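Peer 1: next comes the sequence, and after it the predicted model I'd like to discuss.
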Amino acid sequence: MTTPLVAVVLAAGAARRFGGDKLSASFRGEPLLHHAIRAARAAPVERVIVVCGDRVDFGDWPAVPPIERVCIASTALSESLQAGVAAAGEVTGVFVFLGDMPLIPHDVAARLAAVLDDRFAAVPRHAGKNGHPVLLAARAFPEIARLAGDEGAGRLLKQRDDLAFVEVADDGILLDVDRTEDLTRLQARR
């Protein structure tokens, strides 16, 4: 039996540029965060972990795969990522989804899982730019534990030559919501 993959949705940021409570903002009729959770649930995972503040309500979902909440007080990206990885436990790898990326194609995660093998991570790319979700292998976890402040895994990935890349035609892997105008722009996309 192989050890499982887990999805982690990072949703603990302060949303200062947005003006607060970004993940509850309506996007196509439901909270922005729900789109990220749906993409994470479409991944080949045993469970989904949502790392968030204690006031984030992500609603009710069907039981499979189960969704777990990990509440943290910090808004630092490194601490969110570390909390998600720690909650994942003994797994082959962790998909890292961002709560403010509502247009992730649901087939991308399975494509990443298919190419991870013994690599440090599998990363989707569009037009030469790395996107999300990123699939981090368990051997990346000790380096994730050493991150600090508002630093995610991006710097670590830039230093590695043992990554697998998956070309993705859909630019949704690059599109996040930082400001209210970003939300408006993405709402208008077909």
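Peer 2: Noted; the coordinates are in hand.

Peer 1: so how far is Ser80 from the residue nearest in space to the middle of the chain?
Peer 2: What sits nearest the mean C-alpha location of the chain, by C-alpha atoms, centre = their mean, is Phe97, with 0.9 Å. For Phe97, the distance to Ser80 (C-beta to C-beta, to the nearest Å) stands at 12 Å. C-beta here means a position set from N, CA and C on the backbone, and glycine is covered the same way.

Peer 1: who touches both of those two?
Peer 2: Both Phe97 and Ser80 are in contact with Leu10, where contact means C-beta atoms under 8 Å, 6 or more residues apart in numbering.

Peer 1: coming back round to it: for the residue nearest to the centre of the chain, give me the pLDDT.
Peer 2: Note for Phe97: predicted pLDDT of 97.

Peer 1: that one against Leu135, yeah?
Peer 2: No. Applying C-beta atoms under 8 Å as the test, Phe97 and Leu135 come out as separate, 10.4 Å apart.

Peer 1: you'd agree Trp61 is in a helix?
Peer 2: No. With DSSP: H, G, I helix; E, B strand; the rest coil as the criterion, Trp61 is coil rather than part of a helix.

Peer 1: tell me the contacts of it?
Peer 2: Per C-beta under 8 Å, 6+ apart, neighbours of Trp61: Ile37, Arg41, Ile67.

Peer 1: what lies in contact with the helix or strand hosting the residue nearest to the centre of the chain?
Peer 2: Assigned by DSSP states H and E, Phe97 belongs to strand 93-98. With C-beta under 8 Å, 6+ apart as the test, strand 93-98 has contacts from 5-10, 36, 39-40, 43, 45, 81, 84-85, 88, 104, 109, 112-113, 116, 132-138, 140-141, 152-153, 176.

Peer 1: any idea how far it is from the chain center?
Peer 2: How far strand 93-98 lies from its chain's middle: 5 Å, per C-alpha atoms, centre = their mean, to the nearest Å.

Peer 1: that one - which strands sit beside it in the sheet, and in what orientation?
Peer 2: strand 5-11 (parallel), strand 134-137 (antiparallel) (DSSP bridges).

Peer 1: for these, which one sits closest to His126?
Peer 2: His126 lies closest, by C-beta to C-beta, to one member of the strands paired with strand 93-98: strand 134-137, at 13.4 Å.

Peer 1: now the closest one: buried residues?
Peer 2: Using 16 or more other C-beta atoms under 10 Å as the test for burial, strand 134-137 gives Val134, Leu135, Leu136, Ala137.
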